[in-house]
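Undergrad: next one to model:
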Amino acid sequence: MKLRPTVASLLIGALAIGTVGFFIQPAVIIQNESKTITLFWRYQDGSLRFINSVTGKPVLIRFRIQKTFSDFRMETDELTEQYYTAGTYAINGPLHRESTRVLHCCSMKGMILSIGDRTWLIDDGCLEVRLIWML
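TA: Take a look at the predicted model:
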């Protein structure tokens, strides 16, 4: 006896997959040649912390995962903000409008990436976080 899926069961299955896909965002993390697949929740907050190698001051970049990494904002001292903007504008206005599927960061002094309750420490080198798909 062969079981044939009904249209209703196919629609319910597609709806379930779509609902899960709406709330969960798969990503690949590439850290100095090693790759890790992970899942993030949509609307989860994240942050990247590092020391600016020129000013020696801490920088905190906050963001949110939606369809992309978005809602960026930076917290740092005035001198470091002027370093990034040449002192011509407040950085959080343009930064907040940015949206990207890939975070790529390098640091000689190390950095800490936190998303939800997960944390990655990078002593020296680069980190890339790539969202695999967008719904």
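Undergrad: in the chain, which spans are strands?
TA: For the chain, the strands defined by DSSP state E cover 24-31, 34-41, 45-51, 58-65, 69-75, 99-100, 102-107, 111-115, 118-122, 125-131.
Undergrad: quick one: buried residues of the fourth one?
TA: Of the residues in strand 58-65, those with enough neighbours to count as buried (16 or more other CB atoms under 10 Å) are 59, 61-65. C-beta here means a position set from N, CA and C on the backbone, and glycine is covered the same way.
Undergrad: one step back: for the strands of the chain, which one sits closest to residue 92?
TA: strand 69-75 (5.0 Å; CB to CB).
Undergrad: which secondary structure elements does the closest one sit against?
TA: On a contact count with 3 or more CB pairs under 8 Å, 6 or more residues apart in numbering; DSSP states H and E, strand 69-75 meets strand 58-65, helix 92-96, strand 99-100.
Undergrad: where does pLDDT dip in this protein?
TA: 1-23, 28, 30-32, 133-135 (pLDDT under 70).
Undergrad: gap between the residue nearest the centre of the chain and residue 116?
TA: The residue lying closest to the centre of the chain (CA atoms, centre = their mean) is residue 69, at 4.8 Å. Separation of residue 69 from residue 116 (CB to CB, to the nearest Å): 13 Å.
Undergrad: what touches both of those two?
TA: By CB atoms under 8 Å, 6 or more residues apart in numbering, residue 69 and residue 116 have these common neighbours: residue 46.
Undergrad: Throw the helices and strands packed on strand 69-75 into JSON lines and include distance to residue 121, thanks.
TA: Shown next, in JSON lines, are these (distance: least, CB to CB, whole Å):
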{"stretch": "strand 58-65", "distance to residue 121": "15"}
{"stretch": "helix 92-96", "distance to residue 121": "24"}
{"stretch": "strand 99-100", "distance to residue 121": "22"}
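Undergrad: that concludes my questions; thank you for your assistance.
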